[in-house]
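J.: Any chance you can model this:
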Amino acid sequence: MVDPRLTKLTDVLVNYSTNVQKGENVLIEAMGIDTPLVKELVKAVQQAGGHPYVNLRDHSVLRQLLLEGTEDQLRTWAEIDQFQMEKMQAHIIVVGGQNLSELSDVPSDKMGLYASLYRQVVASTTLTKKWVVLRYPSSSMAQLANMSTEAFEDFYFDVCTMDYAKMSMAMAPLKELMDKTDRVKITGPGTELMFSIKGIGAVACDGIYNIPDGEVFSAPVRDSVNGVITFNTPSPYQGFTYENVRLEFTDGKIVKATANDTERINKIFDTDEGARYVGEFAIGFHPFIREPMKDILFDEKIDGSFHITPGRCYDVANNGNKSSIHWDMVMIQRPECGGGEIWFDDRLIRKDGLFIIPELEQLNPVNLK
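T.: Numbering: from 1, shown residues only. Now for the predicted structure:
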């Protein structure tokens, strides 16, 4: 018997996020998950009149491919996948797996090669399609969230099947405000950061491209970031979890970076010239996501959080920064996490994780749930 929560989830992905239409080709790409969800997705696409295509992938196989992969091999791999995606009108990506650190022993040069040759080529095609990315639950995710497997499943389906249409309406005033904002100031423990987002524009993320969702993002003017930020959540990247990350900025550039592995984090920031500049600034407000669980699709939407992203910007909020990395780093500003403030043009808009101006109060959890 199919879990009815799966049916509700596939309905969100197929009929809301990608809005599959009759005759459309839909690529379902599943990494490290069991088949029941994939089967339900295939059914839902067929019921919508679409044509489903499926790629089943595995993290341990990916690890082996990368360990011995050559540049020519990765380039050919990316070209093959790009050819396939050019035939699609929609792309549903579901990522699971039991081991967060499966790729942790892949050498950094191989991970960098994979990022630059494969991910960028695929992303350039994906940006022209309807697409959505979903992280699927596992016992390891429950463990990272410090929850029982059953409790985590309940939490997961509450998060992923909430009323995203309601959220979309509530976030519209924040997008409008960010569109016309120039100066941003962020304060908190170990943090005093200032930058401009003038002329960049903002994007509301309401379940169309990510599930879960719940953020509005923009990007700093590339050379405008100055000050220091000290992150209070774990930050996994390329198979390693960084903690106590502290970044100092001068005229947009990370001039000093420290963490629990300072040498390793600086190697990432030395990947290319754009890796030491910021490509995204976003405010998160998903009412059901409260604690970090070392999964960025969840952590970047934490209620009362924001994130700063060293590396590549998005075309839809383009500050001109190009890089093979895109690393979302999250800070929570609720009181139990140390508090903090966000100011737009000398106006305090959020304090200790709660929006305090009338037009944004609908984004606070008491109103959004």
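J.: gap between residue 156 and residue 147?
T.: 10 Å (Cβ to Cβ, to the nearest Å). Backbone N, C-alpha and C define where each C-beta goes, glycine included.
J.: which of the two has more neighbours?
T.: Between residue 156 and residue 147, residue 156 has the larger neighbour count (other Cβ atoms under 10 Å), namely 23 against 17.
J.: quick one, what contacts the more buried one?
T.: Residues counted as contacts of residue 156 (Cβ atoms under 8 Å, 6 or more residues apart in numbering) are 137, 141.
J.: Could you identify the helix or strand that succeeds the helix or strand hosting it?
T.: Counting by DSSP states H and E, the element that carries residue 156 is helix 149-160. Per DSSP H and E, the first helix or strand lying C-terminal to helix 149-160 is helix 164-179.
J.: buried stuff in that following helix?
T.: 164, 167-168, 170-171, 173-175, 177-178 (16 or more other Cβ atoms under 10 Å).
J.: What of stretch 196-209?
T.: Of all the residues in stretch 196-209, those buried under the rule 16+ other Cβ under 10 Å are 196-198, 200-209.
J.: go on, stretch 323-342?
T.: Applying 16+ other Cβ under 10 Å to stretch 323-342 flags 323-334, 337-342 as buried.
J.: Now, the residues you listed that are in strands?
T.: Taking DSSP state E, the ones among these that sit in strands are 329-332, 341-342.
J.: State the pair within these that is farthest apart.
T.: For these, the farthest-apart pair by Cβ to Cβ is 329 and 341; their separation is 18.3 Å.
J.: sorry, back to before: please spell out which residues along the helix holding residue 156 are buried.
T.: Per 16+ other Cβ under 10 Å, helix 149-160 contains these buried residues: 152-153, 155-157, 159-160.
J.: Distance check, the closest residue in space to residue 147 that isn't next to it in sequence against residue 40.
T.: Leaving aside its chain neighbours, residue 147 sits nearest to residue 155 (6.6 Å; criterion: Cβ to Cβ, 6 or more residues apart in numbering). For residue 155, the distance to residue 40 (Cβ to Cβ) stands at 20 Å.
J.: Contact partners for residue 130?
T.: Neighbours of residue 130 in contact, by Cβ under 8 Å, 6+ apart: 17-20, 89-91.
J.: same thing with residue 113?
T.: Going by Cβ under 8 Å, 6+ apart, the list of residues near residue 113 reads 69, 71, 74.
J.: can you pull the contacts of the first one?
T.: Listed by Cβ under 8 Å, 6+ apart, the contact partners of residue 69 are 110, 113-114.
J.: what does the second one give?
T.: The contact partners of residue 71, taken as Cβ under 8 Å, 6+ apart, are 113, 117.
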